[in-house]
Structures are given as structure tokens and as C-alpha cells.
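Trainee: give me a model of this one.
(one chain, ligands or ions: 1)
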Amino acid sequence: MGSQDVHQEVDAVAEDIATMETRGAATIARAVVDALATQAEASDAESPAAFVAEMRAAAQTLHDTRPTAVSLPNALRFVFRQMDGESVEQLRASAVAAADRFRSQLERAQDDLGRIGANRLRDGDTVMTHCHSTDALACVEAAVEQGKELSAIVKETRPRNQGHITAAALREMDVPVTLVVDSAARRYLDEADHVLVGADSIAADGSVINKIGTSGLAVLARERGVPIMTAAQTIKLHPATLTGHTVEIEMRDESEVISEQDRSDVGELEVLNPAFDVTPPRYMDAIVTERGQFPPESIVTLMRDMFGEGTDDPWETDDF
Ligand SMILES: O=P(O)(O)OC[C@H]1O[C@H](OP(=O)(O)O)[C@H](O)[C@@H]1O
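Mentor: Just a heads-up that it's a prediction; the model follows:
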């Protein structure tokens with residue numbers, strides 16, 4: 001165990017998330033649940049209180065990596081809400097079982113969401129994508145499995161070019177891909193039948209928080225009359241927005257935007273690198289979840305149903 005009895009695997013997972021070695025909201029959720037299970041299994045805590053303190057320290061370490069994707073705290077909350085017992089062994093077993101349940105629910109949710117999203121896609125359609133989202137790709141995959149022939153216009157998605165990951169995933173599905181730079185989006189929107197994006201968080205008013213550039217793309221899509229949908233499992237619903245909190249937008253290092261050499265050639269300047277932006281609900285046609293598709297403005301009803309009116313810290317439990 002490392003500092004505060006946090007398992008070294010937890011520290012390693014946290015580091016991978018912070019550096020985006022592990023990325024994508026659903027993938028991050030799965031990684032933190034795996035890390036919590038490792039923490040629980042390896043714990044040599046001698047009392048239930050010590051066990052819970054260790055689990056909380058691990059959760060805090062994982063939580064403090066990236067601020068925007070709510071799937072991360074929602075995944076931690078899922079495990080803590082189901083952690084229960086009078087002894088260390090019972091607590092351990094319930095935490096590991098909760099992690100297992102989370103993993104299988106996550107997989108099922110993505111499959112269900114994919115089938116629902118696929119219903120919006122017709123044979124012969126072209127989709128324009130932004131960044132890399134496994135939820136969005138699940139819709140394409142399900143449509144392809146239904147026998148629909150699709151093609152894709154993939155935006156490269158500066159600064160990290162995550163469109164390349166999408167392009168590779170689509171080629172795996174035998175979907176023809178055209179890669180374009182972000183600023184070519186409007187030029188090629190007339191050739192697209194749908195814009196398909198993922199989400200890192202969805203706010204109670206139906207705003208979609210996703211990779212920087214999504215909001216501009218959504219405005220352009222509306223202007224060109226191309227429908228745009230967000231594919232987002234319900235773990236992307238941000239409970240704190242029910243009580244008026246806003247979603248923190250992660251600012252990343254300027255080295256992702258400009259190399260040190262180029263920067264010193266240019267001279268003094270400020271570089272800003274927000275990883276995400278907010279697309280207001282009026283620019284989004286549908287949010288597709290595993291529980292059906294929703295007009296963005298109605299997502300609040302699903303959120304109330306799932307979370308009630310408020311939530312506590314992810315590592316709060318009823319018993320401790
Ligand atoms: O959960 P899935 O659909 O895979 O990904 C959802 C979103 O996570 C990614 O964020 P980042 O690359 O981690 O910054 C992208 O913004 C993507 O749309």
C-alpha cells in the first residue's frame with residue numbers, strides 16, 4: 001500500500017486517467033470501479049472503520065484526477081452506496097460485488113443504448129462524428145449489425161486528434177471513413193445525414209458537456225438542418241446540476257496546443273486549452289440513453305427519477 005494505505009494500483013489508475021492514458025467517460029468509470037475493487041481485495045484493514053477510511057482515500061485519489069466527466073463520481077457512488085456489512089470481510093465482499101454489478105450494467109447499458117441510437121440511423125446514411133465516444137460508436141455498431149450500410153465523416157478533433165481513434169474503430173466495422181480537419185465541418189455537413197457525438201456530462205437543463213468543439217458543431221448542424229444526437233449512458237447524468245451546480249470544465253496543459261519551440265518562436269502569448277464545452281439543449285435534437293431517447297429538455301425527469309433531488313459526496317455511505 002502507498003500513502004494513506006491507498007493501493008499502488010489505485011495510484012497508477014489515477015495517474016493514467018490524469019494523463020489521459022485512460023480516457024473516455026465510460027472507460028474512466030470502469031477503470032475507477034476496477035481500482036476500488038483492487039483496493040477492497042488487497043486491504044489488510046483491521047476494522048470496518050479502517051476499511052471504509054481506506055476506500056474513501058482511494059476514491060478521493062481517483063476522483064481528483066479529472067473534473068468534468070461525471071461518470072467518474074457516479075461510478076464511485078455506485079460502489080459506496082452498495083458497500084455494506086458489520087465486518088471487514090462483509091464490506092470487502094459487498095464492494096467487490098458492487099464493482100462486478102457496475103461492470104455488467106455498464107456493458108448492458110452501452111448495448112441497449114446502441115440499439116436505440118441505431119434506430120435513428122437509416123441504411124445509406126452518413127454520420128459526422130466528433131472526438132471518440134464508445135457510446136456513439138455503439139450506435140453505429142448496432143446499425144451495422146442490423147445490416148445498414150453507413151459511412152462516416154470524422155472530425156480530427158484537435159488538440160489531441162481523438163478523431164483518429166474513431167476512424168480506426170469505424171474501419172474495424174468496415175465503415176468507410178473520410179477524415180477532415182475540424183474547421184472543414186461546415187463544408188462537409190451537407191453530405192451528412194446525422195451528427196453523432198458522445199457526452200462527458202449531461203446537465204439537468206439538457207445541456208450537453210462534451211469535447212471542445214461540440215457546441216460549434218451543433219450550431220452549424222442546426223444551421224444546415226442536419227440532426228444531431230448525443231449518445232450518453234445514464235451514468236453521464238450529472239446529479240449536482242439538479243441543485244443548481246454547474247459542471248466544471250477541465251483546462252488542460254498548453255503543450256497540447258503548441259510545442260515549446262513554436263511557442264518561443266511566436267513570442268509572448270496566452271494559450272487556453274479547455275477540454276470541453278457546453279451545448280445548450282436547443283441545439284441538440286436527442287439524447288440517447290439505455291433508457292430510451294429523450295428531447296434534451298425532458299432529461300430532468302429521468303434525473304429526478306434516478307437521483308431524487310440531491311446527492312452527497314460519492315464516498316458517503318449510509319452506515320459510516
Ligand atoms: O464514454 P464515452 O462515450 O466513451 O466517451 C464520452 C466522451 O469522453 C471523451 O472525453 P475525453 O477523451 O476523456 O476527454 C469525449 O469527450 C467523449 O465524447
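Trainee: now check stretch 260-276, is it near the ligand?
Mentor: Yes - Stretch 260-276 lies within reach of the ligand by Cβ under 6 Å from any ligand atom, at Ala275. C-beta here means a position set from N, CA and C on the backbone, and glycine is covered the same way.
Trainee: can you name the next helix or strand after the longest helix seen in the chain?
Mentor: Criterion DSSP state H: the longest helix present in the chain is helix 88-118. Using DSSP states H and E, the helix or strand that follows helix 88-118 towards the C-terminus is strand 126-129.
Trainee: how about that following strand and the ligand, touching?
Mentor: No - Strand 126-129 stays clear of the ligand (Cβ under 6 Å from any ligand atom), getting no nearer than 9.3 Å.
Trainee: list the pairing partners of that strand within its sheet, with orientation.
Mentor: Here strand 126-129 is paired, per DSSP bridges, with strand 151-155 (parallel), strand 194-197 (parallel).
Trainee: off-centre distance for the helix or strand following the last one?
Mentor: Once the chain leaves strand 194-197, the next helix or strand it forms, by DSSP H and E, is strand 201-202. Distance of strand 201-202 from the chain centroid (Cα atoms, centre = their mean, to the nearest Å) equals 8 Å.
Trainee: quick one: contacts of strand 201-202?
Mentor: When contacts are defined by Cβ atoms under 8 Å, 6 or more residues apart in numbering, strand 201-202 is touched by residues 25, 68-70, 208-209, 230, 232, 236-238, 241, 247, 287, 299.
Trainee: just the CA trace of the next helix or strand after it, in CSV.
Mentor: Later in the chain than strand 201-202, the nearest helix or strand by DSSP H and E is strand 208-211. Written as CSV, here are the backbone C-alpha positions of strand 208-211 (Å, rounded to 0.1, in the frame of the first residue of the first chain):
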residue,chain,number,x,y,z
VAL,A,208,-24.5,18.5,-23.2
ILE,A,209,-20.9,18.8,-21.9
ASN,A,210,-18.7,17.2,-24.4
LYS,A,211,-15.3,17.6,-26.1
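Trainee: the helix or strand following strand 208-211 and the ligand, any residue contact?
Mentor: Per DSSP H and E, the first helix or strand lying C-terminal to strand 208-211 is helix 214-224. No - judged by Cβ under 6 Å from any ligand atom, helix 214-224 stays clear of the ligand, getting no closer than 7.7 Å.
Trainee: who does helix 214-224 touch, helix- and strand-wise?
Mentor: helix 185-189, strand 194-197, strand 228-231, strand 276-279 (3 or more Cβ pairs under 8 Å, 6 or more residues apart in numbering; DSSP states H and E).
Trainee: which residues are in contact with it?
Mentor: So helix 214-224 is contacted by 128, 130-131, 155, 185-186, 189-190, 195, 197, 208, 227-228, 276-280, 283-284 (Cβ under 8 Å, 6+ apart).
Trainee: and it with strand 151-155, angle?
Mentor: Relative orientation of helix 214-224 versus strand 151-155 (axes from the mean of the first three to the mean of the last three Cα atoms, to 10 degrees): 130 degrees.
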